[in-house]
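# Sequence first, then the predicted structure:
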Amino acid sequence: MNRISLRFQELRRAGRKALIPYITAGDPRPELTVPTLHALVQAGADLIELGVPFSDPVADGPIIQKACERALAQGMTLRRVLDLVREFRQTDTQTPLILMGYLNPIERMGHQEFVAAARDAGVDGVLTVDLPAEEAAELVELLEVADIAPIFLLAPTSSTERIRRTARLARGYLYYVSLKGVTGSAALDVATVVDKLATIRAYTDLPLGVGFGIKDPTTAAAVAQVADAVVVGSALVAKMGELADEPERMRQEVTAQIAAMRQAMDQSRTPTATLAD
Amino acid sequence: MKTSHNPVDFSQFPDTNGHFGRYGGRFVAETLMEALHELNAAWQDCRNDPDFLAELDADLAHYVGRPSPLYHAERWSRQLGGAQIYLKREDLNHTGAHKINNTVGQALLAKRMGKTRLIAETGAGQHGVASATVAARLGLECVVYMGAEDIRRQALNVYRMQMLGATVEAVTSGSRTLKDALNEALRDWVANVDNTFYMIGTVAGPHPYPLMVREFQAVIGREAREQMLSEHGSLPDALVACVGGGSNAIGLFYPFLNDAEVAIYGVEAAGAGIDTGRHAATLCAGQSGVLHGNRTYLLSDEHGQIIETHSISAGLDYPGVGPEHAWLKDIGRAQYVAVTDSEALQGFHDLTRGEGIIPALESSHALAYVKKLAPTLRPDQSIVVNLSGRGDKDIHTVAALEGIQL
C-alpha cells in the first residue's frame, strides 16, 4: 500500500489530523534540504510536500517564487530533487513525500522516465499544479502503475462537475486551495472552507487537505477541526529565506514553527471532528 | 478554393477542448478552470450571435478603421527583382498595429460578461496600448503588466498607456520581459477572477484564447484573400508574417490554410543568431513543453526551465508560441524560418527608404524574409506580407543602435 494511504490510516486510528509542511527543494541551499526534511519529521510533520523549483511558478506568490529563484540559481533540477529524495529515504522509509511543481520539467524529462525515476527514488505522490484533471489521463495512468498517488487541487471556484471529475482521478488525498489567489496570500476564512469541504466530501472518501493562507498555529488548529490535513508552505519558506545564512537558527525556528502548529492542532482535537469516513 | 487532395480540414481545429493535434489544451491551476469554462461559454454564445457580430463589425469599421488596405509595393518589388509584394497595412489601424482587432473583440465580450476590470500583459507595449484604448472607450478599469526591462525599452508606449488611464505594473520577477508579465497577469486573474477579464494579446494561453484571438485576428486574412482576388485576380503564391506569440501571423494565415497552393512562412526572431543562444526562435530551435496554459513549442533548458530570450524587437521576445503554429509546423502546412536582428534592421530601412513606410521592428522580420523569398519567385507571382505594425515606437531603439542621440 502507498505510504500516503498508510499514513492517513494511522492518523485516523489515532484520531489525529495530518500536518503537511511544504519546502522548495534546494532552498535556501541544496545541502540543507535533506536535514530540513528530517527536522520537519521530528517536529511533527506527517507528510511532506517537496517543491520542485520552476522558472515560471504561475500559481505561486512572491515568497515561493523567490525560493524557486534561489534554488535554480544553485543548479537545482528535477533530477537533483530526486537525488535528494533518495538521500532522505536512506534514513526515513516511513514519511510520505509528495513532489509539488509544474509540468514542464516533467515534460522535458519525459513522463515515463520521470515516473520510473520518481518510483526508484521513493516518491509517494505527485502534485502538478498546472495539470488539471482534463489533461492528466496520460500521466495519471503511468503514476498508478508505479503506485504513486496523483494529487489534485480543488478550488473555491470548482463546480460540482469538476469536483466529481477530479475526485475520480485523485489518489492519496485531495488538496483544497482555500482561497482565490496564489500561495502566500491573505489569511483564509475558515467558515467558507467548511461549506466547500462538505460539498467535496459528497463526492469522495479521500482525505481532504487544506492549504494556501495558513500562517499560524491558530489557523492550523481551526482548519484541523474541519479538514483531514493542514498544509503550510509560504510561512515556512519565508522563514527559510530570511535565515538562509544561519542554518542552525533556521533549523531551530522552522522546527519551532511546525512544533507549535502540531501542538495547536493536537490540543484542539475534539471527539466530534470527523474524518474521511 | 478548397483542394480535394488536402487531407486536413483546418476549420475543424481546435477540438472542443482546444487541442491542435497534441498542442493547445488547458494547463492552468484549478482556480482558473471555471473561469476558462465561463469565458468559453460566453464566447461560444457571442461568436454566432448576429448582434454581437454586427457590433464588432461596426467597431472594426468606425473605430479601428477597417478594412486595412492591401498595398502593392511596386518599387520595392522591382528593387528585389522577383515576385510582386503586397503589404497588408495593419500599421494603419487605430493605435498602429493589428493588436486592436483582438482587444476590440475581447472588450465587447468582457462587457457582455459584466466584467468591470480588464487586465493584460504586454511586451512591446502594443497590446497594452490596444487594451488601454478599449478600456478608456468603455470606461473600464485597466491594469497592464509589463516587464521592467520592456518598460525601459518602450518608454513611449508606457506613457501612452498611462495617458489612456491604465495602470502599468512593472514586473521585476524572472527575466523581466513578456513571459514574466504573462505570469503576473495570470496571478492577478486567479486572485480577482470574479470581476476581472484577462485580455491575452496573442494566440497562446489556455483554451479558448488561441481560438478566440484567432477569430478576432482572422479578419486580416479574410480581407487579404478578398483583396487579392479582386485587385490581383488570384490568390497569392506565398504569405509571410512575423511570429512571436503568432497572432498577426495566424490572423493572416488562417483563412488561407485550406488553399493548399498558397505557401505559408512564419518568421521568427533569430536575435544575434540561433547558434549564439541569444534568440527567440521558438519553433526553429525549441521543443514541445507546457507553459502559460498550453502545450506548445518552448525555449527551455534540458531540465525544463524556461530560458531567457533575446530579440531586437520586444514584441517577439517570448519563449513560447501559439499552439496552432506548433501544429502547423509539425504537419508541414507552414514553414517557420528565422532572421537575425541585423537582417530585420536592414528590412526596416529598406521599406522606409523604398516605399516611405516605417515598419515596426516586429514586422521588419517578415520584411527581411520577403527580401530573401521574393527574388526566388517570378514577377508574375505574388507575396502577401503582414505589415503588422508601424515603427514609430521603435525610432528610439533604431537610433540608439546606430549610435544616434535623439
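Received the coordinates, thanks.
# where exactly do the helices run in chain A?
Using DSSP state H, the helices of chain A run over A:3-14, A:30-43, A:62-73, A:78-91, A:103-109, A:111-121, A:137-145, A:160-169, A:190-201, A:217-226, A:234-242, A:247-267.
# Of these, flag the one that's most buried.
helix A:103-109 (a mean of 23; mean count of other Cβ atoms under 10 Å in any protein chain shown). For glycine as for every other residue, the C-beta is placed from the backbone atoms N, C-alpha and C.
# And what about B:Pro379, helix, strand or coil?
At B:Pro379, secondary structure determined by DSSP: H, G, I helix; E, B strand; the rest coil is coil.
# I should have written B:Arg295 there, sorry.
Under three-state DSSP, B:Arg295 comes out as strand.
# So it sits against B:Phe20, correct?
No - between B:Arg295 and B:Phe20 there is no contact under Cβ atoms under 8 Å: 9.4 Å.
# Identify the contacts common to the two.
B:Pro323, B:Ala326 (Cβ atoms under 8 Å, 6 or more residues apart in numbering or on different chains).
# Paired strands for the host helix or strand of B:Leu87, with orientation please.
In the assignment (DSSP states H and E), B:Leu87 maps to strand B:84-89. Note on strand B:84-89: by DSSP bridges, its sheet partners are strand B:70-72 (antiparallel), strand B:382-387 (parallel).
# contacting residues for the most centrally placed residue in chain B?
The centre of chain B sits closest to B:Ser247, judged by Cα atoms, centre = their mean, with a distance of 2.9 Å. Residues in contact with B:Ser247 (Cβ under 8 Å, 6+ apart) are B:His98, B:Lys99, B:Asn102, B:Gly201, B:Thr202, B:Val203, B:Val213, B:Arg214, B:Gln217, B:Gly322.
# could you dump these to a markdown table with secondary structure?
Below are those laid out as a markdown table (three-state DSSP):
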| residue | secondary structure |
| --- | --- |
| B:His98 | coil |
| B:Lys99 | helix |
| B:Asn102 | helix |
| B:Gly201 | coil |
| B:Thr202 | coil |
| B:Val203 | coil |
| B:Val213 | helix |
| B:Arg214 | helix |
| B:Gln217 | helix |
| B:Gly322 | coil |
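# Can you check which of the helices of chain A gets nearest to chain B?
helix A:103-109 (3.3 Å; Cβ to the nearest Cβ).
# which residues sit against that closest one?
So helix A:103-109 is contacted by A:52, A:54, A:56, A:77-79, A:114, A:117, A:128, A:130-131, A:139, B:27, B:287-291, B:295, B:298, B:300, B:302-306 (Cβ under 8 Å, 6+ apart).
# I'd like the mean pLDDT over it, please.
For helix A:103-109, mean pLDDT rounds to 98.
# Stretch B:248-259 now?
Stretch B:248-259 carries an average pLDDT of 98.
# tally of neighbours for A:Gly184?
By other Cβ atoms under 10 Å in any protein chain shown, the residues close to A:Gly184 number 19.
# ok, now how distant is it from chain B?
For A:Gly184, the distance to chain B equals 11 Å [Cβ to the nearest Cβ, to the nearest Å].
# Not counting its neighbours along the chain, what's nearest A:Leu127?
A:Ile151 (4.0 Å; Cβ to Cβ, 6 or more residues apart in numbering or on different chains).
# quick one: the one you found and A:Gly172 touch, right?
Yes - under the criterion of Cβ under 8 Å, A:Ile151 lies in contact with A:Gly172, with a separation of 5.4 Å.
# so what's in contact with those two at the same time?
A:Ile98, A:Gly125.
# who does the closest residue to B:His72 other than its chain neighbours bridge with?
Nearest in space to B:His72, with sequence neighbours left out and distances taken as Cβ to Cβ, 6+ apart, is B:Tyr86 at 5.5 Å. Beta-bridge partners recorded for B:Tyr86 (DSSP bridges): B:His72, B:Val384.
# which regions of the stretch 51-200 of chain A sit below the pLDDT cut-off?
Across the stretch 51-200 of chain A, the stretches falling below the confidence threshold (pLDDT under 70) are A:187.
# what about 90?
A:178-192 (pLDDT under 90).
# how near is the residue nearest to B:Thr177 when sequence neighbours are not counted to B:Ser363?
Nearest non-adjacent residue to B:Thr177, counting by Cβ to Cβ, 6+ apart: B:Gly147, 4.1 Å away. For B:Gly147, the distance to B:Ser363 equals 21 Å [Cβ to Cβ, to the nearest Å].
# of these two, who's got more company?
Applying other Cβ under 10 Å to B:Gly147 and B:Ser363 shows that B:Ser363 carries more neighbours, namely 34 against 29.
# Contacts only, for that one.
Contacts of B:Ser363 by Cβ under 8 Å, 6+ apart are B:Asp91, B:Cys242, B:Asn248, B:Asn386, B:Leu387, B:Ser388, B:Gly389, B:Gly391.
# Without its sequence neighbours, what residue ends up closest to it?
Per Cβ to Cβ, 6+ apart, closest to B:Ser363 is B:Ser388, 4.7 Å.
# Would you quantify the distance from that neighbour to B:Thr309?
B:Ser388 is 19 Å from B:Thr309, by Cβ to Cβ.
# who has more neighbours, these two?
B:Ser388 (33 against 25).
# Just list the residues touching that one, thanks.
B:Ser388 neighbours (Cβ under 8 Å, 6+ apart): B:Glu90, B:Asp91, B:Ala97, B:His98, B:Ala241, B:Cys242, B:Asn248, B:Ala360, B:Glu362, B:Ser363, B:Ala366.
# From those residues, pick the one nearest chain A.
B:Glu362 (22.8 Å).
# thought that closest one was touching B:Gly125?
No - using Cβ under 8 Å, B:Glu362 is not in contact with B:Gly125, being 11.5 Å away.
# who has more neighbours, those two?
When B:Glu362 and B:Gly125 are compared for neighbours, B:Glu362 comes out ahead with 33 against 28, by other Cβ under 10 Å.
# in which helix or strand would I find the more buried one?
Counting by DSSP H and E, B:Glu362 is part of helix B:361-373.
# how far away is B:Arg66 from B:Ile85?
Distance from B:Arg66 to B:Ile85, by Cβ to Cβ: 22 Å.
# Those two - which one has more neighbours?
Neighbours per residue (other Cβ under 10 Å) separate B:Arg66 from B:Ile85, with B:Ile85 holding more: 31 against 20.
# residues in contact with that one?
Counted by Cβ under 8 Å, 6+ apart, B:Ile85 has contacts B:His72, B:Ala73, B:Trp76, B:Ser77, B:Val370, B:Ala374, B:Ser382, B:Ile383, B:Val385.
# who in the stretch 151-277 of chain A is up against chain B?
A:152-159, A:162, A:166, A:177, A:180-182, A:185 (Cβ under 8 Å from any Cβ of the partner chain).
# swap the cut-off to 6 Å and go again
Contacts of the stretch 151-277 of chain A with chain B, taken as Cβ under 6 Å from any Cβ of the partner chain, map to A:Leu153, A:Ala155, A:Thr157, A:Ser159, A:Lys180, A:Gly181, A:Val182.
# who wins for neighbours among the residues you listed?
Of these, with other Cβ under 10 Å as the count, A:Leu153 tops at 27 neighbours.
# from the stretch 201-350 of chain B, which residue is nearest to chain A?
For the stretch 201-350 of chain B, Cβ to the nearest Cβ, closest residue to chain A: B:Gly304, 3.3 Å.
# A:Phe54 versus that residue, what's the distance?
From B:Gly304 to A:Phe54 the distance is 8 Å (Cβ to Cβ).
# near chain A, which residues of the stretch 101-250 of chain B show up?
Residues of the stretch 101-250 of chain B lying near chain A (Cβ under 6 Å from any Cβ): B:Ser173, B:Asn183, B:Leu186, B:Arg187, B:Val190, B:Ala191, B:Val193.
# Nearest to chain A among those?
B:Ala191 (4.1 Å).
# wait, what's in contact with that closest one?
A:Lys180, A:Gly181 (Cβ atoms under 6 Å, 6 or more residues apart in numbering or on different chains).
# so how many other residues sit close to residue 177?
Chain wasn't specified; assuming chain A. 29.
# Actually, chain B is the one I wanted.
25.
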